[in-house]
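Enquirer: The sequence and its predicted three-dimensional model are supplied below.
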Amino acid sequence: MHSSPTKTSAGKKRIHLSLAHIGSVEQEFVLEAFDAGWVTSLGPNVDGFEHDIASFLGENVRVAALSAGTAALHLGLILLGVGAGDEVICQSFTFSASANPIKYLGAKPVFVDSEKTTWNMSSQLLETAIEDRIRKTGKRPKAIIPVHIYGMPARMNEILAIAKHYDIPVLEDAAEALGSKYENRACGTFGDIAALSFNGNKIITTSGGGALVSVNSEFVSRAIFLASQARDAAPYYQHSHVGYNYRLSNVCAGIGRGQMMVLPDRVERRRANNLYYRNRLSGITGIEFQTEPDGCFSNYWLTAMLVNPDASGGITCEYLREALEKENIESRPLWKPLHLQPVFADCPFYGDGTCESLFERGICLPSGSTLTETDLFRVTDIINRTID
Ligand SMILES: *Cc1c(COP(=O)(O)O)cnc(C)c1O
């Protein structure tokens, strides 16, 4: 049940960056929800989905299914005690949803650059940032948000060691990294709290959804309470706290249960796409892929590569993107660093130029699990002919 292929006037099928890939079991779970009248935020699919995620991740985590990954990050910050006037450290090289919830709470994002291998938060610059914020404000930042960008695990050992040294909790943004592993442990189990996303373009989807993950069972219970309008235990509606409407519906959770069954296959396919690109493009000088350092296992949610115009006969990543678009192939520049975004212009940044350079040189290639070998051939063929 894929999205219907769109044809251009040239008759070439559109190749998308990353499409939802729904199987048949999903429908059965959804139908069950309908038949049983469980179409609200309570029900067996929500419990089942949370259980499926927890057992997939291991490490005795508990899971709260939510309406979005952004909601998980927002509740995560609340649980870690972030409030107005606090500072929160966040990776700059990421999607805006990693940092927006800091702003929701009236707190201030402090951005940190990436290191050159994983493209994720540099532990050296993290330490520099913490020291400097303490010097300037007299306070420690309230939380650290590392991200596993495009599915590539961040160097969690180093980041956690620094977080521990300064006694700052970690909110792990694993929205892109379900199925990725660092030193054989699932991404989403490293932070004091972690956030997952099941948005339509992620490795698996509930059409829209997310999850908050933690080994701290009280955090998870509290997240569920806050996500369900913070109702006190009374026969009438009584509220002692500000609540949110962030719970996942039982219908969406039904899609999620089906998707959890195919997750290992989806990871395998995205990794196979990545391998195909590497093999077929290995002859081109001037391109370079995001690669897995020792100890990292990426779900390769998106395959990302850098184009070096000095070595590729002047071809830039934007030229390549346009060449692909002309052939009805969608590709996308890498994330524009958040410290360069107008909305975060007044936020401090600790960097050495790494993520700015990634943004200037990088492109994400079609990476979905619905891609066929013919699709992949078409993409690599254009790239090979464009950069020659
Ligand atoms: C998708 C994404 C989010 C937000 O998840 P939603 O479910 O879309 O709210 C947060 N962080 C990163 C890095 C993401 O890619």
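Expert: Arrived safely, thanks for sending.

Enquirer: show me what contacts the residue in the chain that the ligand sits nearest to?
Expert: Proximity of the chain to the ligand (C-beta to the nearest ligand atom) peaks at G69, 2.6 Å away. C-betas here are computed from N, CA, C, even on glycine. G69 makes contact with A97, D173, A175, A195, L196, S197, F198, N199, G210, A211, according to C-beta atoms under 8 Å, 6 or more residues apart in numbering.

Enquirer: distance of it from E172?
Expert: Taking C-beta to C-beta, to the nearest Å as the criterion, G69 is separated from E172 by 12 Å.

Enquirer: so what sits against both of these two?
Expert: Between them, G69 and E172 share these contacting residues under C-beta under 8 Å, 6+ apart: A195.

Enquirer: Any residues of the stretch 201-350 of the chain in contact with the ligand? List them.
Expert: Proximity of the stretch 201-350 of the chain to the ligand is confined to G210 under the rule C-beta under 6 Å from any ligand atom.

Enquirer: could you pull out the helices for the stretch 201-350 of the chain?
Expert: Secondary structure of the stretch 201-350 of the chain by DSSP state H, counting those that start in this stretch: the helices cover 217-227, 250-280, 317-326.

Enquirer: Report all helices and strands that the longest one contacts.
Expert: Other elements packing on helix 250-280 under the criterion 3 or more C-beta pairs under 8 Å, 6 or more residues apart in numbering; DSSP states H and E are helix 25-35, helix 44-57, strand 287-289, strand 303-307, helix 373-386.

Enquirer: rerun that using 6 Å as the cut-off
Expert: Packing partners of helix 250-280 (3 or more C-beta pairs under 6 Å, 6 or more residues apart in numbering; DSSP states H and E): helix 25-35, helix 44-57, strand 303-307.

Enquirer: now the shortest one
Expert: With contacts defined as 3+ C-beta pairs under 6 Å, 6+ apart, helix 317-326 has these neighbours: strand 362-365, helix 373-386.

Enquirer: could I get those as TSV with distance to V88 and mean neighbour count?
Expert: Shown next, in TSV, are those (distance: least, C-beta to C-beta, whole Å; neighbours: other C-beta atoms under 10 Å):
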stretch	distance to V88	mean neighbour count
strand 362-365	26	23
helix 373-386	38	16
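
Enquirer: Tabulate these (a markdown table), appending mean pLDDT.
Expert: Rendered in a markdown table, the data for the helices and strands packed on helix 317-326 read as follows (pLDDT from 0 to 100):
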| stretch | mean pLDDT |
| --- | --- |
| strand 362-365 | 98 |
| helix 373-386 | 96 |
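
Enquirer: Distance to the ligand added to these, as JSON lines?
Expert: What follows is these, written out as JSON lines (distance: least, C-beta to the nearest ligand atom, whole Å):
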{"stretch": "strand 362-365", "distance to the ligand": "12"}
{"stretch": "helix 373-386", "distance to the ligand": "22"}
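
Enquirer: Adding distance to E327, write those out as CSV.
Expert: Conversion of those to CSV gives the following (distance: least, C-beta to C-beta, whole Å):
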stretch, distance to E327
strand 362-365, 13
helix 373-386, 5
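
Enquirer: Leaving out chain neighbours, which residue sits closest to the residue of the chain closest to the ligand?
Expert: For G69, ignoring the flanking residues on the chain, the nearest one in space by C-beta to C-beta, 6 or more residues apart in numbering is S197 at 2.9 Å.

Enquirer: repeat for Y277
Expert: Leaving out its chain neighbours, Y277 is closest to T303 (C-beta to C-beta, 6+ apart), at 5.3 Å.

Enquirer: Looks like that neighbour contacts G362 (just checking).
Expert: No - counting by C-beta atoms under 6 Å, T303 does not reach G362; the two are 11.0 Å apart.

Enquirer: pLDDT at Q27, what is it?
Expert: On pLDDT, Q27 comes in at 87.

Enquirer: what about it, neighbour count?
Expert: Using other C-beta atoms under 10 Å as the criterion, Q27 is surrounded by 14 other residues.

Enquirer: ok now do it, which residues does it touch?
Expert: Residues counted as contacts of Q27 (C-beta atoms under 6 Å, 6 or more residues apart in numbering): none.

Enquirer: Return the distance of it relative to G258.
Expert: Summarising the geometry, the distance separating Q27 from G258, computed by C-beta to C-beta, is 7 Å.

Enquirer: And L79, by the same measure?
Expert: Here the criterion is C-beta to C-beta. By it, L79 lies 29 Å from G258.

Enquirer: try D132
Expert: Relative to G258, D132 is positioned 47 Å away (C-beta to C-beta).

Enquirer: ditto for E59
Expert: E59 is 24 Å from G258, where distance means C-beta to C-beta.

Enquirer: For these two, indicate the residue with more neighbours.
Expert: Set side by side, E59 and G258 show unequal neighbour counts under other C-beta under 10 Å, the larger going to G258 at 22 against 12.

Enquirer: Not including adjacent chain positions, what is the nearest residue to that one?
Expert: Once chain neighbours are set aside, the closest to G258 by C-beta to C-beta, 6+ apart is E26, at 3.2 Å.

Enquirer: Counting neighbours, what do you get for the one you found?
Expert: Other residues within reach of E26, judged by other C-beta under 10 Å, total 23.

Enquirer: residues contacting the residue nearest to Y277?
Expert: Shown in contact with T303 (C-beta under 6 Å, 6+ apart): N273, N274, Y277, L365, S367.

Enquirer: Just the buried residues from the residues you listed, in ChimeraX please.
Expert: Listed next is the ChimeraX selection for buried residues among these, using 16 or more other C-beta atoms under 10 Å:
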select :273,274,277,365,367
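
Enquirer: Identify the residues contacting H16.
Expert: The contact partners of H16, by C-beta under 6 Å, 6+ apart, come to E330.

Enquirer: Sorry, wrong one. I was asking about E59.
Expert: With C-beta under 6 Å, 6+ apart, E59 has these contacts: T189.

Enquirer: The same query, at a cut-off of 8 Å, please.
Expert: Contacts for E59 were tallied using C-beta under 8 Å, 6+ apart; they are R185, A186, T189, V215.
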